[in-house]
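A.B. asks: Here is the input, now give the coordinates:
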Amino acid sequence: MRTPVVVIGAGQAGLAMSHHLTGRAIDHVVLDRGEVAQSWRTERWDSLRLLTPNWMSRLPGYRYRGDDPDGFMTKDDTIAFLDDYGRSFGAPVRTHVTVEEVRLRGSGFEVTTDAGVWSCDAVVAATGASSEPRRPAVAADLPGRIDQLTALQYRNPDQLADGEVLVVGASASGVQIADELRRSGRHVTVAVGEHVRLPRRYRGHDIHWWLDAVGHLDERYEEVDDIDRARRLPSLQLVGSSRPRTLDLNTLIATGVEVVGRFMRVAGTRAQFSGALAHLVANADLKLNRLLARIDEFALEHGLDAELTEATRPPATAVGTVPTELDLGRFATVIWATGYRPSFPWLDRAAFDQRGRLVHDGGAGALPGLYVLGLPFLRRRKSSFIDGVGPDAAELAGHLHAHLDRRVPPAARITRAG
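C.D. replies: Below is the predicted model:
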């Protein structure tokens, strides 16, 4: 089978790229191992909602059309939104096709799947940033009697065995899972590493309204001093819910969640934690207040103060004195909410550096004709959001089009795949 472009992944990133390729009359196929939005269907907990308000659900040529713009889509809402988006422009999606290998072949690529082989001039890897959970090495040292789950495997409190739960990680997934477990009646301990604290609302607006207004989300990858670090920053301590609410360490502690520092090691029957938690929370509070000060300055400069609520800052995080060791005998379950990494096991090794990292410049791969889309801070700070993948896709589609123009006769680009 022959087509100019193969897009791998039919989530928000793959569909956004498909929309732009369609608009440029570039023939292509979108392959997915499951259905559209497969990761939302199979790798999200039951109560999960988007962290961004509905009005920010914007994709190329499409946006949220419901009657609750300030609400937060549920998992099922998000699946339906992406399904509808793909249908809106007739995205050429082939479902239940597993990509097995992508290899350089001459000046193009050969994409081997369980449904056949495609030859193409360009490949877009749009499988997202959450393909594989990060499970630290210390996980191997836990007693075998303790159940271990990643955030991708967690579904709801009833899934867990009776007993106390240790949640490792306090970014978006960790604080949300800990909150849900505590509300179900569990005794929960959270091991806290570096984190980014934000209020859900500030001065009458959702925090994402402010991040959008001040231009924070549009900051580009060429504009930051250390893009590698920026791409590794933890996700925001936020929760999408039926009624907007802040979810941070203070919120968890007030409900009875115990907090400790970063999980360091297992020593016999005891878990040992970093003693640097006070420093981490102070740093998170400092960065929070710097951002809110920037918002206040923006409001003043744009004459918004009169229409806004008072600039009341969240209280400092109060963790008190925390233990650096706990008896592992307390815990029946450990949930690893320690982040994710993208995974491209099918991709030609020539696309990676010596440390196994995909080499790209803002999504344009080191291999001519290879593109990646949907990763954190790929081209903008909002690159991994539904609202951010569209602008990235537009720029990369332009780059891809130029690549095809340099090497493929126009007639070949409009030959229907198959």
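A.B. asks: what comes into contact with the helix or strand containing Leu104?
C.D. replies: Take DSSP states H and E as the rule and Leu104 turns out to sit in strand 99-105. Defining contact as Cβ atoms under 8 Å, 6 or more residues apart in numbering, one finds that strand 99-105 is touched by 8, 31, 33, 109-114, 119, 123, 346-348, 350, 367. For glycine as for every other residue, the C-beta is placed from the backbone atoms N, C-alpha and C.
A.B. asks: now it, how far from the chain's geometric center?
C.D. replies: Put simply, strand 99-105 sits 26 Å off its chain's centre (Cα atoms, centre = their mean, to the nearest Å).
A.B. asks: What of stretch 266-280?
C.D. replies: For stretch 266-280, the distance to the chain centre is 27 Å (Cα atoms, centre = their mean).
A.B. asks: What about the contacts of strand 99-105, which one has the most neighbours?
C.D. replies: Val123 (28 neighbours; other Cβ atoms under 10 Å).
A.B. asks: For that residue, which residues are in contact?
C.D. replies: Contacts of Val123 by Cβ under 8 Å, 6+ apart are 5-8, 102, 109, 111, 369-371.
A.B. asks: In a strand, it, correct?
C.D. replies: Yes. Val123: assigned to a strand according to DSSP: H, G, I helix; E, B strand; the rest coil.
A.B. asks: For it, give me the pLDDT.
C.D. replies: Turning to Val123, the model gives it a pLDDT of 98.
A.B. asks: Next: the one 10 residues further on.
C.D. replies: With respect to pLDDT, Pro133 scores 92.
A.B. asks: Tell me, how many residues neighbour the spatially closest residue to it that is not a sequence neighbour?
C.D. replies: Closest residue in space to Pro133, ignoring its immediate chain neighbours: Thr150 at 3.8 Å, by Cβ to Cβ, 6 or more residues apart in numbering. Using other Cβ under 10 Å, Thr150 is surrounded by 21 other residues.
A.B. asks: All further residue positions should be reported with the first residue as 769.
C.D. replies: Done: numbering now begins at 769, and the last item shifts to Thr918.
A.B. asks: residues contacting Thr918?
C.D. replies: The neighbours of Thr918, taking Cβ under 8 Å, 6+ apart as the test, are 901, 903, 1103-1105.
A.B. asks: Now render those residues as CSV, adding secondary structure, distance to Ala805 and neighbour count.
C.D. replies: Converted to CSV, the contacts of Thr918 look like this (DSSP: H, G, I helix; E, B strand; the rest coil; distance: Cβ to Cβ, whole Å; neighbours: other Cβ atoms under 10 Å):
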residue, secondary structure, distance to Ala805, neighbour count
Pro901, strand, 19, 18
Arg903, coil, 25, 14
Ile1103, strand, 24, 25
Trp1104, strand, 24, 26
Ala1105, coil, 22, 27
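A.B. asks: Tell me the one of these nearest Gly854?
C.D. replies: Distance to Gly854, by Cβ to Cβ, is smallest for Pro901 among the contacts of Thr918, at 26.6 Å.
A.B. asks: Assumed Leu1054 was part of a helix.
C.D. replies: Yes. According to three-state DSSP, Leu1054 belongs to a helix.
A.B. asks: Could you report the neighbour count for it?
C.D. replies: 12.
A.B. asks: measure it to Arg1033 for me?
C.D. replies: Distance, Leu1054 to Arg1033, using Cβ to Cβ, to the nearest Å: 28 Å.
A.B. asks: Now stretch 910-926: buried residues?
C.D. replies: Neighbour-count burial for stretch 910-926, counted by 16 or more other Cβ atoms under 10 Å, picks out 910, 914-920, 922, 925.
A.B. asks: from those, which ones fall inside strands?
C.D. replies: 915-918 (DSSP state E).
A.B. asks: before we move on, the earlier item: now the contacts of Thr918 in TSV, with distance to Arg812?
C.D. replies: Listed next are these as TSV, based on distance: Cβ to Cβ, whole Å:
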residue	distance to Arg812
Pro901	13
Arg903	18
Ile1103	14
Trp1104	16
Ala1105	13
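A.B. asks: Just give me the closest of those residues to Ala1170.
C.D. replies: Pro901 (36.4 Å).
A.B. asks: nearest spatial neighbour of Leu1015, skipping sequence neighbours?
C.D. replies: Leaving out its chain neighbours, the residue that sits closest to Leu1015 by Cβ to Cβ, 6+ apart is Val1007, at 4.2 Å.
A.B. asks: What residues are bridge-paired with the nearest residue in space to Leu1138 that is not next to it in sequence?
C.D. replies: Take Leu1138 and drop its neighbours on the chain: the residue closest to it by Cβ to Cβ, 6+ apart is Val891, 5.5 Å away. Residues in a beta bridge with Val891, per DSSP bridges, are Val774, Leu1138.
A.B. asks: And Val891, how far from Thr881?
C.D. replies: On the measure of Cβ to Cβ, Val891 and Thr881 end up 12 Å apart.
A.B. asks: Next: Gly931.
C.D. replies: The value you get for Gly931 to Thr881, if Cβ to Cβ is used, is 43 Å.
A.B. asks: ok, how many other residues are close to the nearest residue to Glu900 once chain neighbours are set aside?
C.D. replies: Distance criterion Cβ to Cβ, 6+ apart; nearest residue to Glu900, sequence neighbours excluded, is Ser1111 at 4.2 Å. Neighbour count of Ser1111, defined by other Cβ under 10 Å: 14.
A.B. asks: quick one: secondary structure of Ser1111?
C.D. replies: Going by three-state DSSP: Ser1111 is coil.
A.B. asks: Which residues are in contact with it?
C.D. replies: 895, 899-900.
A.B. asks: Could you do Ala1105 as well?
C.D. replies: Shown in contact with Ala1105 (Cβ under 8 Å, 6+ apart): 918-919, 935-939, 941-942, 945.
A.B. asks: Just give me the closest of those residues to Pro1159.
C.D. replies: Closest approach between these and Pro1159, by Cβ to Cβ: Ser939, at 24.5 Å.
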